[in-house]
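Chemist: Prediction below, plus the sequence it came from.
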Amino acid sequence: MNQTDNPTAGAAPAAPAAATAATAEPESVSRARNGDPDALTSLFREHYEPVRRYLQGRVQDPATAEDLASEVFLRALSHIGRYTWTGRDIGAWLTTIARNLHTDHVRSCRFRREVSAPDLTDRCGQVSGPDEAVLRDLADREVRAVVAGLPPDYRTVIVLQMWGGMSMRQITTAMGRGSVASTRLLRFRAMKQLRARVARPAGEGAVA
């Protein structure tokens, strides 16, 4: 059989299909954008370390990098519904969020150094700006009641880190968890629920 008898001979039909696959939005991203909990968890697990390393290279302090990385995913979660696939890995979008968050963090630290007492200034290297806003609220008795009303594991991870000053590794050991990664995910979920409850208007069960 010669080439004219075989319409596929000498052709490269796989190339267009490959190009289409390369530019098609991954199913996991579509599911995450639609709020699928498993897809969001997978997104966190897959991209947390690259985001944390990116921030670690800029803030130097490991604890601050972890806090900022968690905040990146909280912001991503808030805006995932408006995320538009452009053919680039979603990690590029997360890196953009991380870069903007780092800029905000630096500006916040500079401002506090100008207007705050030294003991507060030192916290710039320990707790990220967004989380620090929540911590300031924790001085309020009502918000402390919100923390007390969180599920036990959520409450424990927040208390150990925010009030106990423990690292993720120390918390992992103290709570008997299998890995630091699982503790980070727990902390991410705990802060998400805490911030939602703190922001809930009065009369809607904020201290349930």
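Modeler: Ah, there it is.

Chemist: For this structure, which element, helix or strand, carries the lowest mean pLDDT?
Modeler: Every helix and strand in the chain was compared by mean pLDDT, DSSP states H and E; the lowest is helix 118-121, with a mean of 38.

Chemist: residue ranges for the helices of the protein, please.
Modeler: Read by DSSP state H, the chain holds these helices, from start to end of the chain: 14-23, 27-33, 37-59, 62-79, 90-115, 118-121, 129-137, 141-148, 152-158, 168-175, 180-199.

Chemist: Would you single out the least confident of those?
Modeler: Looking over the helices of the chain, mean pLDDT reaches its minimum on helix 118-121, with a mean of 38.

Chemist: Tell me the spacing between Thr96 and Leu77.
Modeler: When distances are taken as Cβ to Cβ, to the nearest Å, Thr96 and Leu77 turn out to be 15 Å apart. Yep, even glycine has a C-beta here, placed from its N, CA and C like the rest.

Chemist: Neighbour count for these two, which is higher?
Modeler: A side-by-side neighbour count of Thr96 and Leu77, using other Cβ atoms under 10 Å, places Leu77 first with 16 against 11.

Chemist: residues in contact with the closest residue to that one other than its chain neighbours?
Modeler: Across the structure, with Cβ to Cβ, 6 or more residues apart in numbering as the measure, the residue nearest Leu77 apart from its sequence neighbours is Leu40 (6.6 Å). Listed by Cβ atoms under 8 Å, 6 or more residues apart in numbering, the contact set of Leu40 reads Ala32, Leu77, Ile80.

Chemist: Name the nearest of those residues relative to Val147.
Modeler: When the contacts of Leu40 are compared for distance to Val147 (Cβ to Cβ), Leu77 wins out at 20.5 Å.

Chemist: That closest one is in contact with Met191, isn't it?
Modeler: No - in terms of Cβ atoms under 8 Å, Leu77 does not count as a neighbour of Met191; the distance is 10.9 Å.

Chemist: what's the domain layout of the chain?
Modeler: Listed by automatic domain parsing, the domain ranges of the chain are 26-127, 138-208.

Chemist: re the thing from before, export the contacts of Leu40 to a markdown table and tack on distance to Glu25?
Modeler: Supplementary listing: those in a markdown table, determined by distance: Cβ to Cβ, whole Å:
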| residue | distance to Glu25 |
| --- | --- |
| Ala32 | 10 |
| Leu77 | 18 |
| Ile80 | 13 |
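
Chemist: ok, now how distant is Met162 from Thr156?
Modeler: From Met162 over to Thr156 the distance is 11 Å, taken as Cβ to Cβ.

Chemist: Between those two, which is the more surrounded one?
Modeler: Met162 (20 against 17).

Chemist: ok, Ile97 to Ser179 distance?
Modeler: Separation of Ile97 from Ser179 (Cβ to Cβ) stands at 25 Å.
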